[in-house]
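Q: okay, sequence plus prediction incoming.
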Amino acid sequence: MPAFKTLDDLTDIAGKRVLVRVDLNVPVTDGKVSDTTRIERVAPTIKELSKKGAKVILLAHFGRPKGEPVADQSLSLIAPAVEEVLDQKVAFAADCIGPVAADAIAKMENGDILLLENTRFHKGEEKNTPEFTAELAKNGDIFVNDAFSAAHRAHASTEGLAHHMPAFAGRTMQAELEALEKGLGNPARPVVAIVGGAKVSTKIDLLSNLVKKVDALVIGGGMANTFLAAQGIDVGKSLCEHDLAETAREILATAKEAGCAIVLPEDGVVAREFKAGAANETVDIKAIPSDAMVLDVGPKSVEAINAWISKASTLVWNGPLGAFEISPFDAATVSAAKHAAEETRAGKLVSVAGGGDTVSALNHAGVADDFSYVSTAGGAFLEWMEGKELPGVAVLSVSK
Ligand SMILES: Nc1ncnc2c1ncn2[C@@H]1O[C@H](COP(=O)(O)OP(=O)(O)O)[C@@H](O)[C@H]1O
Ligand SMILES: O=C(OP(=O)(O)O)[C@H](O)COP(=O)(O)O
């Protein structure tokens, strides 16, 4: 594990402005936070700093607003949930830089907590520009990164800031790295990975390394459609990134060379509307109607996936198998989650799952506590699993 300073090294911080990068990219349904796990995980760091008398200034992103303000991606929507979890007042500033942020910070007393608006409302965040990073840096004396789940991004608030001021790992950052090393540092074989979800373009590339590390890769959710289409299957109106077909074919070839089994859905549950209770039918994966979309993998596929879970000694899982937020398209995810939990309880499996929506799906299935470890991270956890250096972690060990 890289050597970095932690909160244990932070003494005499009363009155200091501490910029704390947290991950508040939480699932929201009908305008309300539907899973508070990520907030709960960063609460200890925030509370510890506040108790020590620091002025705690929270930096976070929410969604992917592409460098422009977007009303439904404002962190003001998440602030009440943060306040509720912390059971402490959390002020909000409608910008993360400039006079709005500076004025709110000037009003802070020691121990106060302030949440700044979505860092991704500025183009400089994802580009990690020196100008934007310098603007953020004006607001703090010390940087604490507690967003392990965003540590695979080399953004201004996850990486750039650590070059400007003394930087420290928060309690969750530290705990995640320790837990992953303990659970997956030397995994018992066979290792089976399940990758699903909707973030196809940002996760597909890492699969080419992952297939060299695991014995089987189960592909579900929106990710599966891209692989099916790459093999010439008509996926109708399903979530699919057709321009990634060549990448998908290369991954399949790499997996074959590495001896990694690829498990794709044999059947799917299709609907014509993305809503709870939508009329649906189960079809063979080669017979998806052209006006329908696959919203879950079908029962035959679930049987095959559960058989792989039974064979596995170690399971790593990111991304739900279907649109689990809307019933009945949660069936495959719930079934596989319950099966993995049973195998774990029986002492036959080490199960590690992660990702904002994956954690929410495990909570929905009622089995999050039965998994060996549940990470807040999805993409970051998979990149860690690939053996990649995460920029948000690496920079902590070189910080002054
Ligand atoms: N077949 C599908 N079609 C559309 N969306 C899907 C499908 N399968 C899964 N999803 C969606 O994927 C989202 C989660 O994906 P992702 O963000 O990659 O996971 P995580 O946050 O756990 O890393 C969920 O909102 C779920 O509805
Ligand atoms: O939700 C996140 O990642 P995840 O979906 O892989 O768990 C993180 O907040 C990173 O978000 P991003 O993938 O938009 O950079």
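A: Yep, that arrived. Ligands and ions are numbered 1, 2, ... in the order given.

Q: quick one: low-confidence parts of the protein?
A: Counting by pLDDT under 70, the low-confidence segments of the chain come to 1-2, 399-400.

Q: residue of it closest to ligand 2, please.
A: Of all residues in the chain, residue 378 sits closest to ligand 2, at 2.7 Å by C-beta to the nearest ligand atom. In this view, the C-beta of every residue, glycine as well, is placed from N, C-alpha and C.

Q: measure how buried the closest residue to that residue other than its chain neighbours is and give me the count.
A: Distance criterion C-beta to C-beta, 6 or more residues apart in numbering; nearest residue to residue 378, sequence neighbours excluded, is residue 355 at 2.6 Å. Residue 355 has 28 neighbouring residues, counting by other C-beta atoms under 10 Å.

Q: got it, and residue 346?
A: Using other C-beta under 10 Å as the criterion, residue 346 is surrounded by 8 other residues.

Q: and if you look at residue 274?
A: As a burial measure, residue 274 scores 14 neighbours (other C-beta under 10 Å).

Q: if I pick it, what's in contact with it?
A: 293, 295, 323, 326 (C-beta atoms under 8 Å, 6 or more residues apart in numbering).

Q: between those residues, identify the one with the most neighbours.
A: Going through the contacts of residue 274 with other C-beta under 10 Å as the criterion, the one with the most neighbours is residue 295, at 27 neighbours.

Q: thought it was touching residue 325?
A: No: under the criterion of C-beta atoms under 8 Å, residue 295 is not in contact with residue 325, lying 10.3 Å apart.

Q: helices along the stretch 151-300 of the chain, start to end?
A: Remark: helices assigned in the stretch 151-300 of the chain by DSSP state H, counting those that start in this stretch are 171-184, 200-203, 207-210, 221-230, 245-258, 299-311.

Q: what parts of the stretch 251-400 of the chain come near ligand 1?
A: Taking C-beta under 6 Å from any ligand atom, the part of the stretch 251-400 of the chain that reaches ligand 1 is made up of 294-295, 318-320, 322-323, 325, 355-358, 378.

Q: ok, 8 Å please
A: 268, 274, 293-297, 318-326, 329, 354-361, 378-379 (C-beta under 8 Å from any ligand atom).

Q: before we move on, the earlier item: so which of the helices of the stretch 151-300 of the chain is the most surrounded?
A: With neighbours defined as mean count of other C-beta atoms under 10 Å, those peak in mean count at helix 221-230, which reaches a mean of 25.

Q: restricting to C-alpha, output it in PDB.
A: Listed next in PDB are the C-alpha coordinates belonging to helix 221-230 (Å, rounded to 0.1, in the frame of the first residue of the first chain):
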ATOM      1  CA  GLY A 221     -26.500  -4.800 -17.300                       C
ATOM      2  CA  GLY A 222     -26.000  -2.200 -20.000                       C
ATOM      3  CA  MET A 223     -22.400  -3.400 -20.500                       C
ATOM      4  CA  ALA A 224     -23.700  -6.700 -21.800                       C
ATOM      5  CA  ASN A 225     -25.600  -5.100 -24.700                       C
ATOM      6  CA  THR A 226     -22.400  -3.600 -26.100                       C
ATOM      7  CA  PHE A 227     -20.800  -7.000 -26.200                       C
ATOM      8  CA  LEU A 228     -23.800  -8.700 -27.700                       C
ATOM      9  CA  ALA A 229     -24.100  -6.100 -30.400                       C
ATOM     10  CA  ALA A 230     -20.400  -6.500 -31.100                       C
END
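
Q: what helices or strands is it leaning on?
A: Packing partners of helix 221-230 (3 or more C-beta pairs under 8 Å, 6 or more residues apart in numbering; DSSP states H and E): helix 200-203, helix 245-258, strand 293-297.

Q: circling back: list only buried entries from the residues of the stretch 251-400 of the chain next to ligand 1.
A: Buried residues within those, counting neighbours by 16 or more other C-beta atoms under 10 Å: 268, 293-297, 318-326, 329, 354-361, 378-379.

Q: how near is the residue nearest to residue 199 when sequence neighbours are not counted to residue 345?
A: Computed as C-beta to C-beta, 6+ apart, the closest residue to residue 199 that is not its neighbour in sequence is residue 379, at 6.8 Å. Plainly put, residue 379 is 28 Å away from residue 345 if you go by C-beta to C-beta, to the nearest Å.

Q: kindly report the same for residue 199.
A: According to C-beta to C-beta, residue 199 and residue 345 sit 30 Å apart.

Q: in a markdown table: the helices of the stretch 151-300 of the chain, plus distance to ligand 2.
A: A markdown table is the format used below for the helices of the stretch 151-300 of the chain (distance: least, C-beta to the nearest ligand atom, whole Å):
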| stretch | distance to ligand 2 |
| --- | --- |
| helix 171-184 | 12 |
| helix 200-203 | 5 |
| helix 207-210 | 13 |
| helix 221-230 | 12 |
| helix 245-258 | 17 |
| helix 299-311 | 20 |
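
Q: can you put these in a markdown table and add distance to residue 368?
A: Rendered in a markdown table, the data for those read as follows (distance: least, C-beta to C-beta, whole Å):
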| stretch | distance to residue 368 |
| --- | --- |
| helix 171-184 | 14 |
| helix 200-203 | 21 |
| helix 207-210 | 23 |
| helix 221-230 | 18 |
| helix 245-258 | 29 |
| helix 299-311 | 16 |
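
Q: out of those helices, nearest to residue 91?
A: Between residue 91 and these, the shortest separation by C-beta to C-beta is 22.1 Å, and it involves helix 171-184.

Q: what lies in contact with the closest one?
A: Helix 171-184 is contacted from outside by 1, 6-7, 41-42, 44-45, 48, 145-149, 151, 169, 314, 316, 350, 352, 372-373, 375-377, 381, 384-385, 393, 396, using C-beta under 8 Å, 6+ apart.

Q: and residue 138, what does it touch?
A: Taking C-beta under 8 Å, 6+ apart as the contact definition, residue 138 lies against 97, 102.

Q: try it again at 10 Å.
A: Residues in contact with residue 138, defined by C-beta atoms under 10 Å, 6 or more residues apart in numbering, are 17, 97-98, 101-102, 105, 164.
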